[in-house]
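Peer 1: Model the following, please.
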Amino acid sequence: MFPDCPTGAPPRRWRWTGDDLIRLGEAGLLPPEGRFELLNGEIYALMPPGPLHAFVADLIGDLLRGPAGVAGAHVRGQNPIRLNADYDPQPDVAVVRGRRQGYRDRFPGPEDVLLVVEVADSSLEHDRRLKLPAYAAGGIQECWLVNLPEQQVEVYRDPAGGEYRLRRLYRSGEAIEPLLAPGAALPVCDLLGEAGEGEADA
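Peer 2: A predicted model of the protein is given here:
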């Protein structure tokens, strides 16, 4: 896995691939209880989600199941997608084309992903600085950043190079129609976890 380094050579920065990350886990070289993602060839340990983060991510997954089904897709939670050999991010929620059985032997690629959602609290800077440009560079058509500290949802569309050309902020009282299912308006208050338990489960 590690190439030979000639005697006297300057220090080298080792870049990993998604397949390397899998092999490291299989070899027991990464803590089995941890979650890791690969961004630009570097391995990042993901912080365990707090109760609010976990609640909102699960809730958004539930809310997107209906629109995903209309689009012939399904919802994945906190699992890798493979943008290229150097990027295996783990979005909190992803809507992916087709049935789950189609991904038994591979991770979804950019052409498979209709929407990614990142729930951001302490991870806000990491998501904005590293993950949004990666999703844009990969051609993911739509990304939602659920900004819990500022109680808003940032919707990014129209990727070009390493950035999204369209950005719009949504707050409580508004609703978002995902590109994958026009007409399926999701209230922002629900996406932020503000609805009462009865409303969220309805």
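Peer 1: Cross-check the contact I'm expecting between residue 49 and residue 58.
Peer 2: No - using Cβ atoms under 8 Å, residue 49 is not in contact with residue 58; the gap is 9.8 Å. Yep, even glycine has a C-beta here, placed from its N, CA and C like the rest.
Peer 1: Pull the distance from the helix or strand hosting residue 158 to the chain's centre.
Peer 2: Following DSSP states H and E, one finds residue 158 within strand 152-160. From the chain centre to the centre of strand 152-160 is a distance of 13 Å (Cα atoms, centre = their mean, to the nearest Å).
Peer 1: I'd assumed residue 58 was in a strand, is it?
Peer 2: No - according to DSSP: H, G, I helix; E, B strand; the rest coil, residue 58 belongs to no strand; its state is helix.
Peer 1: for it, what are its contacts?
Peer 2: Shown in contact with residue 58 (Cβ atoms under 8 Å, 6 or more residues apart in numbering): residue 77.
Peer 1: quick revisit: name the next helix or strand downstream of the strand holding residue 158, please.
Peer 2: Trace forward from strand 152-160 with DSSP H and E and the next one is strand 163-170.
Peer 1: What are the contacting residues of that next one?
Peer 2: Strand 163-170 is contacted from outside by 132-133, 136, 143, 152-159, 176, 188, using Cβ under 8 Å, 6+ apart.
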